[in-house]
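Trainee: could you work out the structure for the sequence below:
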Amino acid sequence: MIGQRRRCRLLRGKFMTEHLIVSDEEATRVITLRRPEKKNAITQHMYRAMSDAIDKAQNNPGIRCIIITGGSGVFTAGNDLEDFLKDGTSDSDAPRASNAIKFLYSLAHNVKPVIAAVDGVAIGIGTTMLFHCDYVLASKTATFSTPFIHLGLVPEGASSLLMPRTMGHQRAFSMLVMGRTFTADDAHTAGFVN
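Mentor: Modelled structure (predicted):
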């Protein structure tokens, strides 16, 4: 707890952790990924902080909207694979829900509008979380990919259900099974970027 206090601080409506900034700007909660040295790859700690920010907004009548964003040039490179491997190979035999699952649960059960603002790459969970958002903005330089096939992984976050419903079977197949990258224009045409 003491170490966490050093990494987290509350400054004028901003909650900051080592790699995340949560700020309340009027009626909007803005969650900003800030880990540029790793292209905003998401760690277990970041998932936990994002879940907390979303969950706490639910009971705050002053917050009417949530925005999730990265930074200039990068939304997120997806999961920090090293962090995921470390968490998945712990010596504990007790079953536990990953913080990524908790984040997706918080996102899916959120009752306030969620907007994603994407600039640059959105890889893996960076793309699949967008299908849980109500509105997605993307810069012309944004790209979207789900490289699960290249990593020997199955699609995450209900993407195998939500993608075909949103963009049609063929486009979803192209992205999820063939590992193709979509440009911002492709994503707009597919219907998951507004």
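Trainee: surely M129 meets G157?
Mentor: Yes: M129 is within contact range of G157, at 6.6 Å (criterion: C-beta atoms under 8 Å). Every C-beta, even on glycine, is put in place using the N, C-alpha and C of the backbone.
Trainee: what residues do the two have in common as contacts?
Mentor: L104 (C-beta atoms under 8 Å, 6 or more residues apart in numbering).
Trainee: mind checking the SS state of L162?
Mentor: Recorded secondary structure, L162: helix (DSSP: H, G, I helix; E, B strand; the rest coil).
Trainee: quick check: the gap between the residue lying closest to it once chain neighbours are set aside and K38.
Mentor: Nearest residue to L162, sequence neighbours excluded (C-beta to C-beta, 6 or more residues apart in numbering): F131, at 4.0 Å. Separation of F131 from K38 (C-beta to C-beta, to the nearest Å): 24 Å.
Trainee: now swap in T28 and tell me
Mentor: Shown here: T28 relative to K38, a distance of 26 Å by C-beta to C-beta.
Trainee: check V154 too.
Mentor: 24 Å.
Trainee: so the two - more neighbours on which side?
Mentor: Taking other C-beta atoms under 10 Å, V154 and K38 do not tie; K38 has more neighbours (15 against 10).
Trainee: surely that one and D80 touch.
Mentor: Yes: K38 is within contact range of D80, at 6.4 Å (criterion: C-beta under 8 Å).
Trainee: surely V30 forms part of a helix?
Mentor: No: read with three-state DSSP, V30 is strand and lies in no helix.
Trainee: tell me the pLDDT of it.
Mentor: pLDDT for V30: 97.
Trainee: any idea what it is bridged to?
Mentor: S23, I67 (DSSP bridges).
Trainee: what's the burial count for H132?
Mentor: By the measure other C-beta under 10 Å, the count of residues near H132 is 20.
Trainee: next: R165.
Mentor: 12.
Trainee: could you report the distance from it to G78?
Mentor: R165 is 22 Å from G78, by C-beta to C-beta.
Trainee: mind listing the strands for the chain?
Mentor: Here the chain has its strands, by DSSP state E, at 9-11, 14-16, 20-25, 28-33, 65-69, 74-76, 114-118, 121-123, 135-138, 143-145, 182-183.
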